[in-house]
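Chemist: I need the structure of the sequence given here:
(chains A and B)
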Number of protein chains: 2
Amino acid sequence: MASVIHIKDRRTRLRETLVQLVQDLMASEGLGAVQARRLAQLAGCSVGAIYNVFPDLNDLILTANVDTLDRLLAQQRTALERLPPHATRTAQLVALALATVNFAHDFEPAWRALYDHRGGAQKPYPDWYAALHVRPVTMIERIILAEEPNAAAGHETSRLARGLWSALLGIVVDGMDTRKDRQKRDEIEAQASLLVTIAAQGLEAILEMRRKG
Amino acid sequence: MASVIHIKDRRTRLRETLVQLVQDLMASEGLGAVQARRLAQLAGCSVGAIYNVFPDLNDLILTANVDTLDRLLAQQRTALERLPPHATRTAQLVALALATVNFAHDFEPAWRALYDHRGGAQKPYPDWYAALHVRPVTMIERIILAEEPNAAAGHETSRLARGLWSALLGIVVDGMDTRKDRQKRDEIEAQASLLVTIAAQGLEAILEMRRKG
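Modeler: Purely as a prediction, here's the structure:
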């Protein structure tokens, strides 16, 4: 019995070590640096040992990404909590958008790993990961629905929340990829706020029409 | 003199052959298949000959991408021309968005090459390419400005146009990457239309406020 626990401990420790190493590599050198041989060397284990505790490298990277996602969500939540009480929907969406832009710039390699890594373009995320990845969308959905108990919840709201989040990702990724360094951050911030503001205005207009009609 | 022309012809022909081969490889197997050795084999030339007519592989890929971009723009233009005269701004933006979604799905490997290829994440596009890449943004800008001769042209309009285009890219890329095949296209179409519609509504609301006050 004791030896089973001992084996379990070792497995857990190796998992934790590997996740930490992947995070460090992603943060310093980016996703390209995450290779089995290098990880084994850094962890002082064999390459085979990695595959004893993770089904594949993809699964290991996704596990490390979860931590990045947690930190992103914490930063978004903090930004929302800093707003004055009863801040408008627009102000909330802008705060969330700016927190995202800042996170992407402050932790660019980890952020890129979060959204660049698809385990090969043909393969969709595994379900457990997709469920986590959708949390920023849920946060946007809640902002849209707040104080609108009668708003058309369900399909259309989640579609809009999902669309807004993808749109924000597009602005950040496209901006980081195509712009030169100095203009980058300010322009991306401005674009993200503008789009979110316009979308929030559009939403108000539509809700107002529904209230009237 | 005749031999100079002859050499120029050969260079031009090799350039054209290589661009065509890159397009075929991107369309059938994606960007990953575009490798110098493979291209040389297919073109029946040496690897060195490639670098006599293109400064590097990156430049060759970008040149091939220009053709994809031309076809995308043609499809967007056709979609706009098919609208009834005096179609609303929303209808125009939705038509452009749907044309983009359809193009991305019909020519997925070439589309991915267009937006996945950054010549390494650190390197921004060369200027000649950035100038071409911005053409869909210009098209959106024209739609926003149409029949609004007094609208705040310039900085804010191009920022919104740029933001909308990046947003659309985000919706398409994120949707293609994370969703399973069957739901993909319909859901991406619906998200893109919804976001563009909401943004257009927001824009109307803002312009209306400006007109009034």
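
Chemist: I would like the residues contacting the helix or strand hosting residue A:50, please.
Modeler: Using DSSP states H and E, the element containing residue A:50 is helix A:47-53. Defining contact as C-beta atoms under 8 Å, 6 or more residues apart in numbering or on different chains, one finds that helix A:47-53 is touched by A:11, A:14-15, A:18, A:36-37, A:39-40, A:43, A:57, A:60. Where C-beta positions appear, they are placed from N, C-alpha and C, glycine not excepted.

Chemist: Could you measure from residue A:55 over to chain B?
Modeler: 20 Å (C-beta to the nearest C-beta, to the nearest Å).

Chemist: same thing with residue A:114?
Modeler: Counting by C-beta to the nearest C-beta - residue A:114 and chain B are separated by 12 Å.

Chemist: buried ones in the helix or strand hosting residue A:202?
Modeler: Assigned by DSSP H and E, residue A:202 belongs to helix A:181-212. For helix A:181-212, a neighbour-count test (16 or more other C-beta atoms under 10 Å in any protein chain shown) marks A:184-185, A:187-207 as buried.

Chemist: that older thread, so which bits of the helix holding residue A:50 are buried?
Modeler: Applying 16+ other C-beta under 10 Å to helix A:47-53 flags A:49-50, A:53 as buried.

Chemist: Format the CA atom coordinates belonging to it as PDB.
Modeler: Written as PDB, here are the backbone C-alpha positions of helix A:47-53 (Å, rounded to 0.1, in the frame of the first residue of the first chain):
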ATOM      1  CA  VAL A  47      11.600  10.900 -22.700                       C
ATOM      2  CA  GLY A  48       9.600   7.800 -22.000                       C
ATOM      3  CA  ALA A  49       8.800   8.900 -18.400                       C
ATOM      4  CA  ILE A  50       7.000  12.000 -19.800                       C
ATOM      5  CA  TYR A  51       4.700   9.700 -21.700                       C
ATOM      6  CA  ASN A  52       4.000   7.700 -18.600                       C
ATOM      7  CA  VAL A  53       2.400  10.800 -16.900                       C
END
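
Chemist: tell me the average confidence for it?
Modeler: Mean pLDDT, helix A:47-53: 94.

Chemist: What of stretch A:102-113?
Modeler: On average, stretch A:102-113 scores 88.

Chemist: Make TSV out of the contacts of helix A:47-53 and add secondary structure, pLDDT and neighbour count.
Modeler: Converted to TSV, these look like this (DSSP: H, G, I helix; E, B strand; the rest coil; pLDDT from 0 to 100; neighbours: other C-beta atoms under 10 Å in any protein chain shown):
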residue	secondary structure	pLDDT	neighbour count
A:11	helix	89	13
A:14	helix	94	18
A:15	helix	93	16
A:18	helix	95	23
A:36	helix	94	16
A:37	helix	94	9
A:39	helix	95	22
A:40	helix	95	17
A:43	helix	94	15
A:57	helix	90	17
A:60	helix	91	22
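
Chemist: what sits against the nearest residue to residue A:57 once chain neighbours are set aside?
Modeler: Nearest residue to residue A:57 in three dimensions, chain neighbours excluded: residue A:36, at 5.8 Å (C-beta to C-beta, 6 or more residues apart in numbering or on different chains). By C-beta under 8 Å, 6+ apart, the contact set of residue A:36 is A:47, A:50, A:57.

Chemist: who's in contact with the last one?
Modeler: Taking C-beta under 8 Å, 6+ apart as the contact definition, residue A:57 lies against A:34-36, A:50.

Chemist: Relative to residue A:143, how far out is it?
Modeler: Separation of residue A:57 from residue A:143 (C-beta to C-beta, to the nearest Å): 36 Å.

Chemist: For residue A:83, the count of nearby residues, please.
Modeler: 14 (other C-beta atoms under 10 Å in any protein chain shown).

Chemist: again with residue A:8
Modeler: What residue A:8 shows, counting by other C-beta under 10 Å, is a neighbour count of 10.

Chemist: Which helix or which strand is home to it?
Modeler: Per DSSP H and E: helix A:2-29 holds residue A:8.

Chemist: Identify the residue of chain A closest to chain B, quick one.
Modeler: residue A:170 (1.9 Å; C-beta to the nearest C-beta).

Chemist: What strand or helix carries that residue?
Modeler: Per DSSP H and E: helix A:155-178 holds residue A:170.

Chemist: helix, strand or coil for the residue positioned nearest the centre of chain A?
Modeler: Nearest to the mean C-alpha position of chain A, by C-alpha atoms, centre = their mean, lies residue A:69 at 4.4 Å. Here residue A:69 is helix, with the state taken from DSSP: H, G, I helix; E, B strand; the rest coil.

Chemist: For it, give me its contacts.
Modeler: By C-beta under 8 Å, 6+ apart, the contact set of residue A:69 is A:114, A:132-133, A:135.
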